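Peer 1: model this:
(one chain, ligands or ions: 5)
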Amino acid sequence: MRTFFQVLFLLNAAWTLARGDADVSCQLGQSCTLPCSFPAGDETVIHWIQMTSPEKPAHSFYYNTDQLQRQHQGFRGRTSLFQEQISRGNASLLLSGVRVEDEGRYRCYSSVLAGNHESFINLKAYALVQDVHIQHSGKEIICSSDGIYPKPTLTWTPHQTDSNTSFTQTEQKLYSITSSVPSSDSRESQDVICTVSTPANSRTAVLKPTVQQNISGTEASISCPAVTDATFLIWRFNHSEEIVRGKAGGPHSPPEKWKKHIVESSSEKLTLKHLQPSLTGIYTCEIRNDTGTFIRSSDVLIIEDDNNNNKTTVIIIGVTVAVLVLVAAAIALSIWFKKNKKQKNRKEGMI
Ligand SMILES: *[C@@H]1O[C@H](CO)[C@@H](O)[C@H](O)[C@H]1NC(C)=O
Ligand SMILES: *[C@@H]1O[C@H](CO)[C@@H](O)[C@H](O)[C@H]1NC(C)=O
Ligand SMILES: *[C@@H]1O[C@H](CO)[C@@H](O)[C@H](O)[C@H]1NC(C)=O
Ligand SMILES: *[C@@H]1O[C@H](CO)[C@@H](O)[C@H](O)[C@H]1NC(C)=O
Ligand SMILES: *[C@@H]1O[C@H](CO)[C@@H](O)[C@H](O)[C@H]1NC(C)=O
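Peer 2: Ligands and ions are numbered 1, 2, ... in the order given. Now for the predicted structure:
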């Protein structure tokens, strides 16, 4: 007899599996609707149960009201039904503040006078891959991202056989991923792309080769990699010091030290004025769009402004010319005076 029921149970389980539970993807921390509908009728009873072992009652409804006495404490304050829709056969459950523990199979049981009904859904939780960081660090290139669920994968392009990837997980079960590859001349001279993916989404970080730039004069621009639909930008000096951070369209409020040097900061370029050799260093532009992050460093050498020397030369030449003109004028004047005097003498003599 027992075996008979077991077989029935197995058959039932196989039937539900074959039928295929509906998958519902829920973003961690957000609200999510677990759909369920039933043939509407009188004296509605609804039970939502998470099919863990032991089972966890998530939400119940009967006698025309929510019944939360037996609700598992993990669901406390996070569940509700669409009350006004129940009479229309809608037993969907709204679950807020979704957690990783909410993952798994749920049974939606409903009964009315005319009979009962059940359906199953499979809840999958996710946290999107957001910013992916890539940077040179000593003799390595390091790529990292965090706050991800489920466990992400990371790929390097071009493919790297000597990468070292590790994961950590927070108490909330969110994954952090870090991968490093040794840097080499060939890697320094081409784009290195790191892609972090989950079934829900993927984002990339692109590290562009460093460019050399020598600038002089009073004003000059350092350019960013070309990025379509840029949303965010950061400019850094010597890797650690932030010059500008903000939305691609601005406005930006740089620190006082840099404000006096910035003519313009955009997702295309950084224009600096009052250039001086102490501003020599590495300028890194980090731009983000919806695909990922794009980073390029410019190794900028600021050459002593020889405009100043030119100015001095101009001044020296100017002064010299002025002196020469004055001397010439003085000579001309004295000649004229002498002539005039002679003439006068002659005239006087004639009288
Ligand atoms: C139930 O009602 C909610 C709220 O109006 C709606 O979002 C959902 O799609 C409905 N579900 C079904 C199965 O009708
Ligand atoms: C990989 O990284 C881990 C931690 O950063 C380190 O302990 C390990 O030695 C590295 N392995 C290789 C092969 O580089
Ligand atoms: C910049 O100047 C340095 C030293 O004067 C020189 O070695 C380098 O080739 C120059 N780079 C460019 C791009 O002009
Ligand atoms: C982000 O920029 C890259 C490089 O320009 C481009 O290939 C990609 O399509 C852009 N993504 C979006 C969403 O605009
Ligand atoms: C920035 O880095 C360059 C070399 O990369 C160094 O010569 C310069 O002194 C640094 N500047 C500051 C202000 O730290």
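Peer 1: what helix or strand is the residue in the stretch 151-300 of the chain positioned nearest to ligand 1 located in?
Peer 2: Evaluated by CB to the nearest ligand atom, the stretch 151-300 of the chain has A200 as its residue closest to ligand 1, separated by 21.1 Å. Yep, even glycine has a C-beta here, placed from its N, CA and C like the rest. Using DSSP states H and E, A200 sits within no helix or strand.
Peer 1: again, but for E84
Peer 2: Element membership of E84 [criterion: DSSP H and E] is helix 83-86.
Peer 1: moving C-terminal from that helix, which element do we reach first?
Peer 2: Assigned by DSSP H and E, the successor of helix 83-86 is strand 93-95.
Peer 1: check which residues of that next one are buried.
Peer 2: By 16 or more other CB atoms under 10 Å, the buried positions in strand 93-95 come out as 93, 95.
Peer 1: repeat for stretch 53-63
Peer 2: Residues of stretch 53-63 classed as buried by neighbour count (16+ other CB under 10 Å): 56-61.
Peer 1: strands - which of these land there?
Peer 2: Counting by DSSP state E, the buried residues of stretch 53-63 place 56-61 in strands.
Peer 1: so what's the residue count around the closest residue to ligand 3 within the chain?
Peer 2: Per CB to the nearest ligand atom, N214 is where the chain lies closest to ligand 3, at 3.7 Å. By the criterion of other CB atoms under 10 Å, N214 has 11 neighbours.
Peer 1: where's the residue nearest to it when sequence neighbours are not counted, which helix or strand?
Peer 2: In space, N214 comes closest to L301 once its chain neighbours are excluded; the distance is 4.7 Å by CB to CB, 6 or more residues apart in numbering. Using DSSP H and E, L301 sits in strand 292-302.
Peer 1: buried residues, that strand. List them.
Peer 2: Buried-residue list, strand 292-302, by 16+ other CB under 10 Å: 292-298, 300, 302.
Peer 1: so how far is the helix or strand encompassing R203 from its chain's centroid?
Peer 2: R203 is part of strand 202-207, with elements assigned from DSSP H and E. Its chain's average C-alpha position is 10 Å from that of strand 202-207, according to CA atoms, centre = their mean, to the nearest Å.
Peer 1: residue numbers of the stretch 1-150 of the chain in contact with ligand 1?
Peer 2: For the stretch 1-150 of the chain, the residues in contact with ligand 1 (CB under 6 Å from any ligand atom) are 33, 35, 37, 82, 85, 90, 92.
Peer 1: how about 8 Å then?
Peer 2: Neighbours of ligand 1 within the stretch 1-150 of the chain, by CB under 8 Å from any ligand atom: 33, 35-37, 82, 84-85, 88-92, 94.
Peer 1: hang on, the earlier thing: excluding its own residues, what touches the strand holding L301? List them.
Peer 2: Contacts with strand 292-302, where a contact means CB atoms under 8 Å, 6 or more residues apart in numbering, come from 131-136, 195, 203-216, 222-225, 227, 275-277, 279-288.
Peer 1: how close does the closest residue to ligand 5 within the stretch 151-300 of the chain get to L275?
Peer 2: Nearest residue of the stretch 151-300 of the chain to ligand 5 (CB to the nearest ligand atom) works out as G281 at 3.1 Å. Using CB to CB, to the nearest Å, we find G281 at a distance of 12 Å from L275.
Peer 1: more crowded one of these two?
Peer 2: Between G281 and L275, L275 has the larger neighbour count (other CB under 10 Å), namely 20 against 16.
Peer 1: ok, and the closest non-adjacent residue to the more buried one?
Peer 2: I302 (5.2 Å).
Peer 1: equivalent analysis for S31, please.
Peer 2: Nearest one to S31, counting by CB to CB, 6+ apart, is S96 at 4.4 Å.
Peer 1: so that neighbour is in contact with R76, correct?
Peer 2: No. Using CB atoms under 8 Å, S96 is not in contact with R76, being 11.3 Å away.
Peer 1: and the two? Which one has more around it.
Peer 2: Each of S96 and R76 has its neighbours counted (other CB under 10 Å); S96 has more, 12 against 9.
Peer 1: sweet, I'm off.
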